[in-house]
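Engineer: Pasting the sequence and the predicted model now:
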Amino acid sequence: MQQIIDFFIRNKNFLLFLLLFSFGISLSQKAHSGLYTRNIASSNRISGGIFAQITDIKSYFSLKQRNETLALENARLLAAKHKIKHSDPKDTLSRAGLMPLLDSSNLSVIQAHVINNNYHKRKNTLTIDKGALDGVEMDMGVVSSDGVLGVITHVSDHYCVAQSVLNTNSRIIVKSKKSNHFGTLIWPGDKADELLLTEIPKIAPIAPGDSLVTDGKSTIFPRGWPVGQVIDIEDAAAQDYLDIRVRPHTDMTDLYHVYLLQRPEAQEIRELENTMTDEL
Amino acid sequence: MNSSTQWLTVIGRFTAVLLVQVLIVDRIVLFGFANPMVYCYFILLYPLSGNRLWLILSSFSLGLCVDMFNDTGGAHAAAAVFLAWIRPVLLNFAFGVSYQYNTTKVPNAPIGQQIIFVSSAVLIHHLILFSLEAGSWSYWPLVFKSTFITAALSTLILLSAFQLFSRKTT
């Protein structure tokens, strides 16, 4: 017995190190599967609060530029509103192009700010200054007016954390604006201005310069929200699918004003899908 | 130096490096991927005569705090606690066995020895950190690229910090 105690006392540094080291590794593995321990996510009160303060101060230095961006956004919305008002109700083709705007009537939107953004890691996240008390829920979509940014994965009372599209776990179903061929948008993990669209069949008519929009099959994003532009298509003979390089419309390294979207029908769709898996 | 001022120095450094790391340095990303890690300053300059058990515990907490701000789970904590544990080996490697007997501090040692000490420490720390942060071996080219370039930056910053913030007289 004495020997065992002696062993522990002699090796206490090593044992403590081993314990803490393996604990650290297990926590980091958990973070990879998206399971944050409640207090080690940046949405907690302390880090969230500090980030919010800093962003508050920093935002004064870019007021002019942000205002400019918002004014441009306003102008685009006004033009689109005018177009809808004066379009022929039977002209479904031109109306289809305005779908995201028409859809927004049954979409709940929360306006928010990004208070911490990273883009140099493999699993990047956004910390946002709205939380459960503001109506934020898990799996809401995070967008800017011209692009898709991420999905909420963790919510605390006052803050939330979103998995950025620049995260190797991110999977977003998108389609070409021109056709209904859809594929999965992933991030290869290196460049902040380049995403990869996979699983688009070779017969799909797609060319560099084409715009990509969300597909609406998932419950997270509404149909037709802009995502990015095709910059390059790689046609490897060995596979059935194209590898398409995509540039997101939004500069992911400079985010401030964002919107959190929730489709009201999301809950119903999810419940329906759950009952199906229960029955199987 | 008596032990209460030593404690104050340790606590002060802990807070200072944490705030500098998460509030200032984490916003600096060079070449689109290199984000220097300056909080190793605390672990490298922890008093040579200090209690090793406390070094391991405090390094882990420091790493966990950085993780909290970065949403990295426990990658920083694991890398920091590893660096804390391996520190005596690195001190031995860089300064020879004599470091245990003389009272000199790391910033007063010859610059060549300092470079060996800091760069080897930072390389080990960054390799563990970026491997855990990537989460899969399929990213190994990226992991090695970020490790070497970020380690060069961190070493440069840490050595400059040693010169700036150390009191030569004691």
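Structural biologist: In hand now; what should we look at? Treat the numbers as computed from the prediction; the structure is a model and nothing was measured. Residues are numbered from 1 along each chain as shown, chains lettered A, B, ... in the order given.
Engineer: Residue B:91 touches residue B:48, doesn't it?
Structural biologist: Yes - at 7.4 Å, residue B:91 and residue B:48 qualify as touching, with contact defined as C-beta atoms under 8 Å. C-beta coordinates here come from the backbone N, C-alpha and C atoms, glycine included.
Engineer: Looking at these two, which is more packed in?
Structural biologist: More crowded of residue B:91 and residue B:48, by other C-beta atoms under 10 Å in any protein chain shown: residue B:91, with 20 against 16.
Engineer: and that one, how far is that from residue A:206?
Structural biologist: 59 Å (C-beta to C-beta, to the nearest Å).
Engineer: Also residue B:125?
Structural biologist: Taking C-beta to C-beta, one finds residue B:125 at 44 Å from residue A:206.
Engineer: who's more crowded, these two?
Structural biologist: residue B:125 (27 against 22).
Engineer: lowest-confidence helix or strand of chain A?
Structural biologist: Sorted by mean pLDDT, DSSP states H and E, the helices and strands of chain A end with helix A:99-103, the least confident at a mean of 52.
Engineer: Could you list the contact residues of the stretch 51-200 of chain A toward chain B?
Structural biologist: A:51, A:54, A:116, A:118-123, A:125, A:127, A:161, A:168, A:189-192 (C-beta under 8 Å from any C-beta of the partner chain).
Engineer: ok, of those residues, which come out buried?
Structural biologist: A:51, A:54, A:116, A:118-123, A:125, A:127, A:161, A:168, A:189-190, A:192 (16 or more other C-beta atoms under 10 Å in any protein chain shown).
Engineer: Among those, which lie within strands?
Structural biologist: A:116, A:123, A:125, A:127, A:161 (DSSP state E).
Engineer: Just give the closest residue to the fourth one, not the sequence neighbours.
Structural biologist: What it means is residue A:127. residue A:116 (3.8 Å; C-beta to C-beta, 6 or more residues apart in numbering or on different chains).
Engineer: In the stretch 1-150 of chain A, where is pLDDT below threshold?
Structural biologist: Residues of the stretch 1-150 of chain A that meet the criterion pLDDT under 70 lie in A:34-41, A:87-106.
Engineer: Let's see that with 80 instead.
Structural biologist: A:1, A:29-48, A:54, A:56-62, A:76, A:78-108 (pLDDT under 80).
Engineer: can you check chain B too?
Structural biologist: B:1-4, B:6, B:27, B:29, B:32-33, B:48-50, B:71, B:95-110, B:135-139, B:165-170.
Engineer: Can you pull the residues of chain B lying near chain A?
Structural biologist: Going by C-beta under 8 Å from any C-beta, the residues of chain B near chain A are B:22-23, B:26, B:29, B:32-35, B:52-53, B:56-57, B:60, B:63-64, B:67-79, B:81-82, B:84-85, B:132-136, B:139, B:142, B:146.
Engineer: Put the buried members of those residues into a ChimeraX selection.
Structural biologist: With 16+ other C-beta under 10 Å as the criterion, this ChimeraX line picks the buried residues out of the residues of chain B next to chain A:
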select /B:22,26,29,33,34,35,52,56,57,60,63,64,67,68,69,70,71,72,73,74,75,76,77,78,79,81,82,84,85,132,133,134,135,139,142,146
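Engineer: List the residues that contact residue B:9.
Structural biologist: residue B:47 (C-beta atoms under 8 Å, 6 or more residues apart in numbering or on different chains).
Engineer: if I look at it, how far off is residue B:15?
Structural biologist: Residue B:9 is 11 Å from residue B:15, by C-beta to C-beta.
Engineer: Please name the nearest non-neighbouring residue to residue A:47.
Structural biologist: The shortest distance from residue A:47 to any non-neighbouring residue, by C-beta to C-beta, 6+ apart, is to residue B:69 (4.8 Å).
Engineer: on that earlier part again, got the contact list for the residue nearest to residue A:127?
Structural biologist: Residue A:116 neighbours (C-beta under 8 Å, 6+ apart): A:42, A:51, A:55, A:125, A:126, A:127, B:69.
Engineer: Which stretches in chain B count as helices?
Structural biologist: All helices of chain B, identified by DSSP state H, fall at B:3-19, B:40-44, B:52-70, B:75-95, B:111-134, B:140-165.
Engineer: Ok, which of those helices comes nearest residue A:139?
Structural biologist: When the helices of chain B are compared by C-beta to C-beta, helix B:52-70 sits nearest residue A:139, at 22.6 Å.
Engineer: can you give me how far the closest one is from the chain middle?
Structural biologist: Distance of helix B:52-70 from its chain centroid, counting by C-alpha atoms, centre = their mean, to the nearest Å, is 11 Å.
Engineer: That one versus helix B:111-134: what angle between them?
Structural biologist: Counting by axes from the mean of the first three to the mean of the last three C-alpha atoms, to 10 degrees, helix B:52-70 lies at 50 degrees to helix B:111-134.
Engineer: do you know how far the most centrally placed residue in chain B is from residue B:63?
Structural biologist: Residue closest to the average C-alpha location in chain B (C-alpha atoms, centre = their mean): residue B:40, at 1.6 Å. Between residue B:40 and residue B:63 the computed distance is 10 Å (C-beta to C-beta).
Engineer: got any residues that touch both of those two?
Structural biologist: Residues touching both residue B:40 and residue B:63 by C-beta under 8 Å, 6+ apart: residue B:80.
Engineer: Going along the chain, name the strands of chain A.
Structural biologist: According to DSSP E, the strands that chain A contains are A:108-117, A:123-128, A:141-144, A:147-155, A:160-167, A:172-176, A:182-186, A:195-201, A:211-214, A:226-234, A:241-248, A:257-262.
Engineer: Give the bridge partners for the most centrally placed residue in chain A, please.
Structural biologist: With distances taken as C-alpha atoms, centre = their mean, the residue of chain A nearest its centroid is residue A:150 (0.6 Å). Taking DSSP bridges as the rule, residue A:150 bridges to residue A:142, residue A:164.
Engineer: What are the neighbouring residues in contact with residue A:118?
Structural biologist: A:124, A:125, A:164, B:26, B:70, B:71.
Engineer: try 6 Å this time
Structural biologist: By C-beta atoms under 6 Å, 6 or more residues apart in numbering or on different chains, the contact list for residue A:118 reads residue A:124.
Engineer: What separation do you get for it and residue A:270?
Structural biologist: On the measure of C-beta to C-beta, residue A:118 and residue A:270 end up 29 Å apart.
Engineer: got the CA coordinates for the lengthiest helix in chain A in PDB?
Structural biologist: As assigned by DSSP H, the longest helix anywhere in chain A is helix A:63-85. In PDB, the C-alpha atoms belonging to helix A:63-85 read as follows (Å, rounded to 0.1, in the frame of the first residue of the first chain):
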ATOM      1  CA  LEU A  63     -19.400  53.100 -39.600                       C
ATOM      2  CA  LYS A  64     -19.100  54.800 -42.900                       C
ATOM      3  CA  GLN A  65     -18.300  51.700 -44.800                       C
ATOM      4  CA  ARG A  66     -21.100  49.700 -43.100                       C
ATOM      5  CA  ASN A  67     -23.600  52.400 -43.800                       C
ATOM      6  CA  GLU A  68     -22.600  52.400 -47.400                       C
ATOM      7  CA  THR A  69     -23.200  48.600 -47.600                       C
ATOM      8  CA  LEU A  70     -26.600  48.900 -45.900                       C
ATOM      9  CA  ALA A  71     -27.600  51.700 -48.200                       C
ATOM     10  CA  LEU A  72     -26.700  49.600 -51.300                       C
ATOM     11  CA  GLU A  73     -28.700  46.700 -49.800                       C
ATOM     12  CA  ASN A  74     -31.600  49.000 -49.300                       C
ATOM     13  CA  ALA A  75     -31.500  50.200 -52.900                       C
ATOM     14  CA  ARG A  76     -31.500  46.600 -54.200                       C
ATOM     15  CA  LEU A  77     -34.500  45.800 -52.100                       C
ATOM     16  CA  LEU A  78     -36.400  48.900 -53.200                       C
ATOM     17  CA  ALA A  79     -35.700  48.000 -56.900                       C
ATOM     18  CA  ALA A  80     -36.800  44.400 -56.300                       C
ATOM     19  CA  LYS A  81     -40.000  45.600 -54.500                       C
ATOM     20  CA  HIS A  82     -40.800  47.900 -57.400                       C
ATOM     21  CA  LYS A  83     -40.300  45.000 -59.800                       C
ATOM     22  CA  ILE A  84     -42.600  42.700 -57.900                       C
ATOM     23  CA  LYS A  85     -45.300  45.400 -57.700                       C
END
